[in-house]
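compute the structure for the input listed below.
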Amino acid sequence: MRRYDKNSMEIFKNKLDFTHWSKSKNNEDPSIYYDNFIKEFTDIHNSCFPLKKVKFKSKSIKPWVTKGILKSINRKNLLYKTYIKSPNIANKKKFTDYIQKQTESSVKAFQKAIY
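Predicted coordinates for the structure are as follows:
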């Protein structure tokens, strides 16, 4: 991910202003001229707006979500993927039945944690 802030934008504009584009114009062939221009522009862009790694925080697990509920959620996701890959009545029934069971157990665990 690149970060485009005001300071970096100003540096980028200044570097573009002070770049000698004439060295790219010496070529008669337009494709070579274009390639040189793009290379120069890209180099300036990458130096002003470097790629930075973005760290995503892991999903916060609510205190009422037990290991059993996490397993249940993973099973539900697996059943959903199976249903999407081969959508038939049997897979749909398995998925919808499991959703009902999983929802009931999640609600019970939530109510137990609150009260």
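
domain-wise, how is this protein divided?
6-48, 67-114 (automatic domain parsing).

export these to CSV and tack on mean pLDDT, mean neighbour count and distance to F56?
C-beta here means a position set from N, CA and C on the backbone, and glycine is covered the same way. Formatted as CSV, the domains of the chain follow (pLDDT from 0 to 100; neighbours: other C-beta atoms under 10 Å; distance: least, C-beta to C-beta, whole Å):
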stretch, mean pLDDT, mean neighbour count, distance to F56
domain 6-48, 85, 12, 23
domain 67-114, 89, 12, 19
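
including distance to K59, could the ones you listed go into JSON lines?
Putting the domains of the chain into JSON lines (distance: least, C-beta to C-beta, whole Å) gives the following:
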{"stretch": "domain 6-48", "distance to K59": "31"}
{"stretch": "domain 67-114", "distance to K59": "11"}
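
tell me which residues in stretch 56-65 are buried?
For stretch 56-65, the neighbour count (16 or more other C-beta atoms under 10 Å) marks V65 as buried.
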